[in-house]
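Peer 1: sequence? don't have it. structure:
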């Protein structure tokens, strides 16, 4: 009986030792939460971003990690749903104990997450969302590397006089991203005496936009400004062609994946213009050619479709930004990382990543100012238009 008791004690001690060693080994990684849409209407885009994030993590870990530890991406699917995005953020913070998050692709998804960041005082690097509300509502835990619609519109203002736009209609996804884009571009147009006509919206799950497009076809505009994700944009271009619409089409938001449009929309994509924040077709024209070529090489090596590069780079730059902040902070703790993000000065694939203050005094969010490019699809190829 005594021997049996000793044996049980030894087994228990070994189990405790094993658990302790496992915990210790687990602590040797620095967790970074990733909150992205991997299912639902935005799944393709979210998957691109996650794959870009994995390339960054692998690159960083191959060079020794951060603060002597490997980084570990804790990836969760927000299902393209704001309620899920908020729940994912809470899980990452409370259950997974991540000190920092990257997310959450769409503006409505990011806006839903923001109260959780405030509640738990955990920072998030926003890699894609473009609604102006994200950095102006007073959330000091938000640091955005993608351009808000206002920055994109301001960049387009310099191009606008060369585009021969006299009056534009808008067709936008019916959420904070789409409505915000229509508002910000509309303001720029009015300043330049360009007429603003119809503002038509479409639900993110809608597949038939013929009613909205028919109204736009009958209007006196010469241009259609479109804001939505690539899957829905493909349908818009096909349906516009089927209706015989000849107006100039310009997309905003940098989320349209021109190569994917060429593959899926075919000739319906020809002649369309797109604002984007990365130009992988012309690596030497990017702000960081060496890093761009490395990233594209890794993307190809992993067998990913080149079309995804226009979105995946955001995940790559987002994780690199977080890693730089953790290194500056000297420890993987939310408060220290939040402070260190203000000190990040990194050359990303789409320009310098350095945060400027936006929003109410004392509660400012960080906003970086990336480059914005206008590209055109001509004869199934992406070109830099001569204006």
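Peer 2: Cool, got the structure. Not measured: the values here are computed from a predicted model.
Peer 1: Grab the most central residue of the protein for me.
Peer 2: The residue lying closest to the centre of the chain (Cα atoms, centre = their mean) is residue 128, at 2.0 Å.
Peer 1: Secondary structure element holding that one?
Peer 2: Under the criterion DSSP states H and E, no helix or strand holds residue 128.
Peer 1: List phi and psi for it.
Peer 2: When read as degrees, to the nearest 10, the backbone of residue 128 gives phi -130, psi -40.
Peer 1: you'd agree it is up against residue 45?
Peer 2: Yes: with contact defined as Cβ atoms under 8 Å, residue 128 reaches residue 45; the gap is 7.4 Å. Glycine gets a C-beta too; all of them are placed from N, C-alpha and C.
Peer 1: what are the ranges of the strands in the stretch 201-350 of the chain?
Peer 2: 223-227, 248-251, 273-276, 346-348 (DSSP state E, counting those that start in this stretch).
Peer 1: quick one: terminal-to-terminal distance for stretch 246-253?
Peer 2: With Cα to Cα, to the nearest Å as the measure, stretch 246-253 spans 22 Å from end to end.
Peer 1: Low-confidence stretches in this protein?
Peer 2: Per-residue confidence of the chain (counting by pLDDT under 70) places the weak regions at 1-27, 254-256.
Peer 1: And the helices in it, which stretches?
Peer 2: Assigned by DSSP state H, the helices in the chain fall at 2-26, 43-62, 82-94, 107-120, 133-136, 149-159, 176-191, 210-218, 230-242, 258-265, 289-301, 309-329, 334-341.
Peer 1: so what's residue 155 up against?
Peer 2: Counting by Cβ atoms under 8 Å, 6 or more residues apart in numbering, residue 155 touches 147, 275, 372.
Peer 1: give me that answer again for 10 Å
Peer 2: Residues in contact with residue 155 (Cβ atoms under 10 Å, 6 or more residues apart in numbering) are 147, 188, 275, 277, 369-374.
Peer 1: Quick check: neighbours shared by residue 128 and residue 45?
Peer 2: Contact with both residue 128 and residue 45 is made by residues 36, 105-106, 255, 311, 314, according to Cβ under 10 Å, 6+ apart.
Peer 1: Let me know whether residue 364 touches residue 144 as I believe.
Peer 2: No: judged on Cβ atoms under 10 Å, residue 364 makes no contact with residue 144 at a distance of 11.9 Å.
Peer 1: When the two are compared, which one has more neighbours?
Peer 2: residue 144 (26 against 19; other Cβ atoms under 10 Å).
Peer 1: And the more buried one, how far from residue 46?
Peer 2: Using Cβ to Cβ, to the nearest Å, residue 144 is found at 17 Å from residue 46.
Peer 1: same question, residue 332
Peer 2: Using Cβ to Cβ, we find residue 332 at a distance of 25 Å from residue 46.
Peer 1: Isn't residue 271 up against residue 249?
Peer 2: Yes: the criterion here is Cβ under 10 Å, and residue 271 meets it with residue 249 at 7.6 Å.
Peer 1: So for the two, which residues contact both of them?
Peer 2: Jointly contacting residue 271 and residue 249 under the rule Cβ under 10 Å, 6+ apart are 237, 377.
Peer 1: tell me the contacts of residue 313?
Peer 2: With contact taken as Cβ under 10 Å, 6+ apart, residue 313 is in contact with 48-49, 52, 55-56, 127, 277-278, 280, 286, 291-292, 295-296, 299, 348-350.
Peer 1: Tell me which entries of the contacts of residue 155 lie within strands.
Peer 2: Secondary structure from DSSP state E places 275, 373-374 of those in strands.
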